[in-house]
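Undergrad: Structure, please.
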Amino acid sequence: MNVIMSLKEKRLEKEMVYERKMLRELSIDTLRDRMNRYFEPLFIRKDYITSSIEEGCLDIAVESFLLGARFSRFGYYGESENHVKVRCALEEKMLIDALYDYLSFWSPLGEEDLYQESIYYICEQYVHDCWLDGFQKGEKRYRLRLK
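TA: Just a heads-up that it's a prediction; the model follows:
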């Protein structure tokens, strides 16, 4: 007897398979290097980057990468990167805000008003860079027909 699946379950399963395939192209070392490149200037002393801050940054990077990969289909079908970015602006804004709130809460810089704006801009660039990486790798997978 066959198992009956709803359309929603099937979509979720297909999305999970695609995300697993995309995560194979993502390296932890690359994510750590990117995190250090963006956030190390904020944390002058090395002991500020704790495992909890690193974990939060890596989590947001993975989510942003997958968001870019999910929307890369539109780039493959001819939309420009800017148009695709407008499509997922709400989700990207939520990731930026989540990372900013996380860093403001967990880092010692969150208490200083001097760094608030710079933390937000760095979070914005960090999420955009991860999104762009996912977008480009996803578009490449579509071009190679590896969906």
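Undergrad: I'd like the secondary structure assignment at residue 5, please.
TA: For residue 5, the assignment made with DSSP: H, G, I helix; E, B strand; the rest coil gives coil.
Undergrad: For the most centrally placed residue in the chain, what is the enclosing helix or strand?
TA: Taking Cα atoms, centre = their mean as the criterion, residue 64 is the residue nearest the geometric centre of the chain, at 1.6 Å. Element membership for residue 64, per DSSP states H and E: helix 51-70.
Undergrad: Let me see the mean pLDDT of that helix.
TA: Across helix 51-70, pLDDT averages out at 91.
Undergrad: tell me what that helix is packed against?
TA: helix 7-23, helix 28-39, helix 89-106, helix 116-143 (3 or more Cβ pairs under 8 Å, 6 or more residues apart in numbering; DSSP states H and E). Where you see a C-beta, it was placed from the backbone N, CA and C, and this is true even at glycine.
Undergrad: returning to what we had before: excluding sequence neighbours, find me the nearest residue to the residue nearest to the centre of the chain.
TA: The spatially closest residue to residue 64, leaving aside those adjacent along the chain, is residue 130, at 3.8 Å (Cβ to Cβ, 6 or more residues apart in numbering).
Undergrad: need the contact list for the one you found.
TA: By Cβ atoms under 8 Å, 6 or more residues apart in numbering, the contact set of residue 130 is 34, 60-62, 64-65, 68.
Undergrad: now these: which count as buried?
TA: 34, 60-62, 64-65, 68 (16 or more other Cβ atoms under 10 Å).
Undergrad: separation between the residue nearest to residue 61 when sequence neighbours are not counted and residue 124?
TA: Spatially, and ignoring its direct neighbours in sequence, residue 61 is nearest to residue 130 (4.5 Å; Cβ to Cβ, 6+ apart). According to Cβ to Cβ, to the nearest Å, residue 130 stands 11 Å off from residue 124.
Undergrad: which of the residues in stretch 77-87 are buried?
TA: 81, 84-85.
Undergrad: related to what we said a few turns ago, isn't the residue nearest to the centre of the chain right up against residue 134?
TA: Yes. Residue 64 is within contact range of residue 134, at 6.8 Å (criterion: Cβ atoms under 8 Å).
Undergrad: Report the contact partners of residue 99.
TA: 56-57, 60, 123, 126-127.
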